[in-house]
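Visitor: Show me the folded form of this:
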Amino acid sequence: MRDVSEIAKRWALFDRWGPHALLAVGLLLAAVTADELGMSRAARVATASLAVAAVVLQLCWHRAAAGPSVAGACFYFARWAIALALTCLNPFFGVYAVHGYFSADRQLPRPLVRTGLYATAVVMALSNVGGPEQLRSWGPAWAVYAALLGMHIGLVHVFAHLAAKEQAQAEAQVAFIAELEDTNTALQQALDENAALHAQLVVQAREAGIADERRRLAAEIHDTIAQGLTGIIAQLQAVEKVDDPAVVQEHVHRAARLARHSLGEARRSVHNLAPVDLEHDALPTALRRTVVEWSERTGVRAEFTLAGASRQLHNELAATLLRIAQEALSNAARHARPSRVGVTLTFVGPEVMLDVRDDGLGFDPSAVPARSHSRGFGLAGMRARAERVAGSLSVESEPGLGTAVSARVPLVDHD
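Guide: The predicted model follows:
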């Protein structure tokens with residue numbers, strides 16, 4: 001109960017401060033990219049005004065919050081409208097709009113939940129494609145936008161289906177327990193005394209299961225689908241800058257390969273299976289291919305090294321180490337600006353160690369909260385993955401001296 005209560009408190013904290021943190025991230029990204037995107041003075045003033053309106057709206061809602069209601073629907077769609085307007089001004093404000101996925105079931109009446117999720121999908125797809133400017137200046141962007149919107153709507157249906165299954169199972173359990181209570185008259189008095197407590201435990205367990213599944217799927221989307229979409233957009237945008245048909249064809253082939261890979265990962269994320277890279281290959285081979293593809297995509301020199309006698313690991317351990325390596329490489333590409341990256345997999349004694357080192361910008365690890373929703377699923381997600389399989393993750397870094405991410409997990413064979 002203590003763990004479930006703690007999870008509920010953290011979700012309440014996220015609902016209260018998460019939108020502010022996401023808005024702050026969006027403002028920071030907009031400020032950094034304003035000149036590159038050619039934002040006019042009027043657009044910057046409009047952005048600042050909308051940001052103030054979003055903060056005021058959020059504060060007013062928390063003073064009069066009443067859960068799913070007409071007032072909740074008004075608040076949800078008002079915030080959606082602000083997110084849409086901000087995303088039209090700068091596509092990076094999609095990070096603010098994403099909160100709509102997490103809050104729809106707690107603010108909207110049940111008939112409007114699906115509508116709210118679809119509306120959020122529209123804004124997220126617009127952000128992924130690069131904003132309305134891309135749709136006005138580049139014809140194929142409409143096809144990309146339609147594909148992204150279809151993927152987001154598909155994910156909405158997947159999440160709704162999983163939530164419905166969780167609820168149906170919980171209701172079946174409650175019905176079965178009620179049946180037992182009716183037939184067992186000898187324990188009726190004891191059951192009556194514990195009914196309230198038992199009902200509370202059932203509800204809390206269901207909520208904890210839904211929250212855990214939501215976090216798992218969110219982490220999978222971040223580690224696989226979101227990174228794949230980013231790579232696809234980068235390849236398609238690169239087409240605009242070249243005239244050589246051979247180079248254009250190469251970028252299109254890479255985008256198609258990333259799309260197929262992301263589709264496979266989406267299917268496996270829903271069913272909680274191993275990553276597509278491990279479907280036919282062992283972990284060292286999958287890691288080597290991941291490093292090579294990342295190097296080709298980013299242009300950064302990267303090397304993979306295997307130390308010790310390789311063993312066929314348990315599927316969960318192999319998937320965990322591969323996901324950590326993918327996230328560490330993604331973080332290096334986004335934040336570190338390295339000229340060289342090294343990935344080492346070491347089998348030693350009863351442990352397996354994964355090290356990802358770069359010579360990039362580095363940072364101060366003590367300044368990064370251990371678990372911060374505003375930072376997405378980066379370091380916190382990698383650490384949670386390692387801990388889930390009784391492992392650990394450490395980060396060593398200094399500004400200007402690069403970064404080293406080290407994960408250690410117990411060596412458990414495939415059989």
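Visitor: Run me through the strand neighbours of the helix or strand hosting Gly342, direction for each.
Guide: Applying DSSP states H and E as the criterion places Gly342 in strand 340-348. For strand 340-348, sheet partners with direction are given as strand 301-307 (parallel), strand 351-358 (antiparallel), following DSSP bridges.
Visitor: and that strand, which residues are buried?
Guide: For strand 340-348, the buried set under the neighbour-count rule, 16 or more other Cβ atoms under 10 Å, comprises Val341, Gly342, Val343, Thr344, Leu345, Phe347. In this view, the C-beta of every residue, glycine as well, is placed from N, C-alpha and C.
Visitor: Then stretch 238-251?
Guide: Using 16+ other Cβ under 10 Å as the burial criterion, the residues of stretch 238-251 that qualify are Ala238, Val239, His251.
Visitor: Narrow those residues to those in helices?
Guide: Ala238, Val239, His251 (DSSP state H).
Visitor: Pipe those into a markdown table and attach distance to Leu117 and pLDDT per row.
Guide: Supplementary listing: these in a markdown table, determined by distance: Cβ to Cβ, whole Å; pLDDT from 0 to 100:
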| residue | distance to Leu117 | pLDDT |
| --- | --- | --- |
| Ala238 | 32 | 72 |
| Val239 | 32 | 71 |
| His251 | 32 | 73 |
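Visitor: By mean pLDDT, which helix or strand of this protein comes out lowest?
Guide: The helix or strand of the chain with the poorest confidence is helix 188-220; it has a mean of 57 (mean pLDDT, DSSP states H and E).
Visitor: before we move on, back to that, which among the buried residues of stretch 238-251 gets closest to Pro140?
Guide: Val239 (8.3 Å; Cβ to Cβ).
Visitor: Please report how far the closest one lies from Val300.
Guide: Separation of Val239 from Val300 (Cβ to Cβ, to the nearest Å) stands at 21 Å.
Visitor: swap in Gln58?
Guide: When distance is defined by Cβ to Cβ, Gln58 is 39 Å away from Val300.
Visitor: quick revisit: Arg383 is nearest to which of the strands paired with strand 340-348?
Guide: For the strands paired with strand 340-348, proximity to Arg383 was assessed by Cβ to Cβ; strand 351-358 is nearest, at 13.1 Å.
Visitor: Just the buried residues of that closest one, please?
Guide: Applying a neighbour-count criterion of 16+ other Cβ under 10 Å, one finds Val352, Met353, Leu354, Asp355, Val356, Arg357, Asp358 buried in strand 351-358.
Visitor: What score does the last one have for pLDDT?
Guide: Confidence at Asp358, expressed as pLDDT, is 96.
Visitor: and what of the fourth one?
Guide: Reading off the confidence values, Asp355 has pLDDT 97.
Visitor: and it, bridged to which residues?
Guide: On DSSP bridges, the residues paired with Asp355 through beta bridges are Thr344, Ser406.
Visitor: Next, find the distance separating it from Thr298.
Guide: Look at Asp355 and Thr298: by Cβ to Cβ, they are 19 Å apart.
Visitor: for the third one, same thing?
Guide: Spatial separation of Leu354 from Thr298 under the definition Cβ to Cβ is 19 Å.
Visitor: do the same with Gln169
Guide: Gln169 sits 43 Å away from Thr298 when distances are taken as Cβ to Cβ.
Visitor: The two: who's more crowded?
Guide: Set side by side, Gln169 and Thr298 show more neighbours around Thr298, with 18 against 12, by other Cβ atoms under 10 Å.
Visitor: doesn't Ser330 make contact with the more buried one?
Guide: No: counting by Cβ atoms under 8 Å, Thr298 does not reach Ser330; the two are 9.7 Å apart.
Visitor: Which helix runs longest in the chain?
Guide: From DSSP H, the single longest helix across the chain is helix 141-183.
Visitor: What's the mean pLDDT across it?
Guide: Within the predicted structure, the mean pLDDT of helix 141-183 is 77.
Visitor: cool, stretch 296-307 as well?
Guide: For stretch 296-307, the per-residue pLDDT averages 93.
Visitor: in that stretch, what's buried?
Guide: For stretch 296-307, the neighbour count (16+ other Cβ under 10 Å) marks Thr298, Val300, Ala302, Phe304, Leu306 as buried.
Visitor: Now render these as TSV, adding distance to Arg41.
Guide: As requested, these are exported to TSV (distance: Cβ to Cβ, whole Å):
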residue	distance to Arg41
Thr298	35
Val300	37
Ala302	42
Phe304	49
Leu306	55
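Visitor: tell me the helices in the stretch 301-415 of the chain, going along the chain?
Guide: For the stretch 301-415 of the chain, the helices identified by DSSP state H, counting those that start in this stretch occupy 315-331, 379-388, in order along the chain.
Visitor: what mean pLDDT does the shortest one have?
Guide: Model confidence over helix 379-388 averages 87 on the pLDDT scale.
Visitor: Dump that helix to PDB, keeping only the CA atoms.
Guide: Coordinates of each C-alpha in helix 379-388 appear next as PDB, following Å, rounded to 0.1, in the frame of the first residue of the first chain:
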ATOM      1  CA  LEU A 379      18.900   8.800 -17.400                       C
ATOM      2  CA  ALA A 380      15.900   7.900 -15.200                       C
ATOM      3  CA  GLY A 381      14.600   5.500 -17.800                       C
ATOM      4  CA  MET A 382      17.900   3.700 -18.200                       C
ATOM      5  CA  ARG A 383      18.400   3.500 -14.400                       C
ATOM      6  CA  ALA A 384      14.800   2.100 -14.000                       C
ATOM      7  CA  ARG A 385      15.500  -0.500 -16.700                       C
ATOM      8  CA  ALA A 386      18.700  -1.700 -15.000                       C
ATOM      9  CA  GLU A 387      17.100  -1.900 -11.500                       C
ATOM     10  CA  ARG A 388      14.100  -3.800 -12.900                       C
END
